[in-house]
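**Q** Sequence and predicted structure, then a few things I'm wondering about:
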Amino acid sequence: MTKARKTNGKIFIGAAVLVAVIVAFIVMFFLFRPRTAQGAKAITIEVVDNNEASTVYEVHTDAEYLRQAMEDAKGLTFSGSESEYGMMVDTVNGVTADWNVDQSYWGFYINGEYCNYGIDAQPVADGDVFRIVYSK
């Protein structure tokens, strides 16, 4: 067997392994992606600002994702920048967190656990309790 054939064989095997890994990731995503719940839900959103003051919003919504539920919360305001991953929240209720200035950010929690998804992909279920916390 020539050296060129051995090299081509290694490239073919490497490409086949790469394709198999990509397919496995795609399958895993579809099996374990966050599930949404349709219909009416009652959730709680608590905002803890930079002075540790807490504001609680009891939200009745049909939203499937957190961003929609936040938009339904009367009195809750938020903004940020849009990216390929959805909105990156930097301001909540007029308080801006800026990592580049003082390493501050808004942390999002669901039922006591740190959210695994951004607000555009975080599913909302009836009874969920969300906390949005200004953190340094």
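**A** That came through fine.
**Q** use CA for all of it now, contacts and neighbours both
**A** Will do.
**Q** what bits of this structure have low per-residue confidence?
**A** Counting by pLDDT under 70, the chain shows low-confidence ranges at 1-9, 12, 14-21, 23-37.
**Q** Let's see that with 80 instead.
**A** 1-38 (pLDDT under 80).
**Q** Map the structural domains onto the sequence of it.
**A** 1-33, 41-135 (automatic domain parsing).
**Q** Turn those into CSV, columns for mean neighbour count.
**A** Supplementary listing: those in CSV, determined by neighbours: other CA atoms under 10 Å:
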stretch, mean neighbour count
domain 1-33, 11
domain 41-135, 16
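**Q** Setting aside sequence neighbours, what's the nearest residue to residue 73?
**A** residue 59 (5.5 Å; CA to CA, 6 or more residues apart in numbering).
**Q** where's that neighbour relative to residue 125, distance?
**A** 12 Å (CA to CA, to the nearest Å).
**Q** show me what contacts residue 116?
**A** residue 122 (CA atoms under 8 Å, 6 or more residues apart in numbering).
**Q** Next, work out how far apart it and residue 39 are.
**A** Distance from residue 116 to residue 39, by CA to CA: 23 Å.
**Q** ok, now residue 60?
**A** Residue 60 is 10 Å from residue 39, by CA to CA.
**Q** Assumed the residue nearest to residue 73 was part of a helix.
**A** No: Residue 59: not assigned to a helix; according to DSSP: H, G, I helix; E, B strand; the rest coil it is strand.
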